[in-house]
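Q: curious how this folds, go ahead:
(chains A, B, C and D)
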2 protein chains.
Amino acid sequence: MNEIIDLSDKTITIDRNEYLKVKGSIDRNVYYIISGSLRIFVLDEYEEQIIRFGYKDNIIVALDSFLTGKPSELYIQAIKRTVIKVVSKQQIDHFLLSETNRNWWIKILENLVLQQMEREIDLLTNSPKERYQRVLKRSPQLFQEIPNRHIANYLRMSAETLSRLKKS
Amino acid sequence: MNEIIDLSDKTITIDRNEYLKVKGSIDRNVYYIISGSLRIFVLDEYEEQIIRFGYKDNIIVALDSFLTGKPSELYIQAIKRTVIKVVSKQQIDHFLLSETNRNWWIKILENLVLQQMEREIDLLTNSPKERYQRVLKRSPQLFQEIPNRHIANYLRMSAETLSRLKKS
DNA sequence: TTAAAATTTTTGCAAAAGTCAAAAGAACTT
DNA sequence: AAGTTCTTTTGACTTTTGCAAAAATTTTAA
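A: Here you go, the predicted model:
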């Protein structure tokens, strides 16, 4: 992914709790996190549901808007002060003009689908304990980077339940 | 998708409760459902978790294995007697040799990602009632084709809870 | 460093969903 | 068409999870 990143020289700093993106806006940029951490969530009847986290060296993007060009359902908010690089759709499109890069894009998309399948299984798992263990196993770093109450939401359980789980 | 389907002349009939695929097998075919219905599920500690359904005119595939070439985690089972056409990876690959078809493949993958995001939000929605309503709205046909106990599993609730929801 | 503020953890309580068993209803099979 | 099997519904009961408030801990800021 560094080929893309290096095309960009624009960096942005977002303070804790500030929004990079709110629902309703169109955003065809991709962001590369230099430092800090972010969360992506949707608002479901006054409840925030976290879809994904991003921290150092991750790429973050409002995928729905990026792929469709329509307004996004997603919010992106800084959990702590975060510095990101901006890569525009233009840059991506330019990059994808080449045949080999386009094949590489296919791989990226295929990987995204596979990751989403994993996530789906995580969410379908009935027992909160197993959900916790699955994600802990696959993304141990998450628990270093992100406050528990956000992880609890991501795992669809209350902070209380997560707290009770970690002792047992 | 008919361009692909028409390449194939192989059809298979699967009886109710029979498996088209079980965990551990590699399967790089794509299936097109002529009639009947299927479910895809994973086995999570003795519990079946339904990932997706397929009925008439749907395409169904063990995506994990199809994309990676590795053994699949998925089971595909007929809910009722089902007739499918088989399209092999070879045929798909041949199809993807052309530049325009490959761009079309990218669109398919992008759509898959977007669908998966919808599914993720469905699963994150806390209230069983809302989960039921969301899916009912998006896929009303599902409720014509598939027995409730399977839909309940798909919506991660018990058959009893779904039954009670439908009256209120 | 200490006080204030914010966050996390804990507790009891209430509400929601799950389980179990049995009955009613549908759908397949022969 | 009758019988068998499978699915849905219902009610009693149990378990789990969320909620709200309090206690403990951590962070912030003076």
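Q: residue A:153 is in contact with residue A:53, correct?
A: No. With contact defined as Cβ atoms under 8 Å, residue A:53 does not reach residue A:153; the gap is 10.5 Å. In short, each C-beta sits where N, CA and C put it, glycine included.
Q: shaky segments in chain A?
A: Where chain A drops to pLDDT under 70, the residues are A:1-9, A:168.
Q: contact residues of it facing chain B?
A: A:42, A:44-45, A:47, A:49-51, A:63-64, A:67-68, A:73, A:102-103, A:105-106, A:109-110, A:112-114, A:116-117, A:119-121, A:123-126, A:130, A:156 (Cβ under 8 Å from any Cβ of the partner chain).
Q: which of those are buried?
A: For the residues of chain A next to chain B, a neighbour count by 16 or more other Cβ atoms under 10 Å in any protein chain shown gives the buried set as A:42, A:44, A:49-51, A:63-64, A:67, A:73, A:105-106, A:109-110, A:112-113, A:116-117, A:119-121, A:123-125, A:156.
Q: can you give me the helices for chain A?
A: A:2-6, A:63-68, A:89-95, A:99-124, A:128-138, A:142-145, A:148-154, A:159-167 (DSSP state H).
Q: as CSV, these with distance to DNA strand C would be great.
A: Conversion of the helices of chain A to CSV gives the following (distance: least, Cβ to the nearest atom of the strand, whole Å):
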stretch, distance to DNA strand C
helix A:2-6, 31
helix A:63-68, 27
helix A:89-95, 34
helix A:99-124, 12
helix A:128-138, 12
helix A:142-145, 11
helix A:148-154, 4
helix A:159-167, 4
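Q: which one of these lies closest to residue B:12?
A: The closest of those to residue B:12 is helix A:99-124. By Cβ to Cβ, the value is 24.3 Å.
Q: packing partners of that closest one?
A: Helix A:99-124 sits against helix A:128-138, strand B:37-44, strand B:47-55, helix B:63-68, helix B:99-124, with contacts defined as 3 or more Cβ pairs under 8 Å, 6 or more residues apart in numbering or on different chains; DSSP states H and E.
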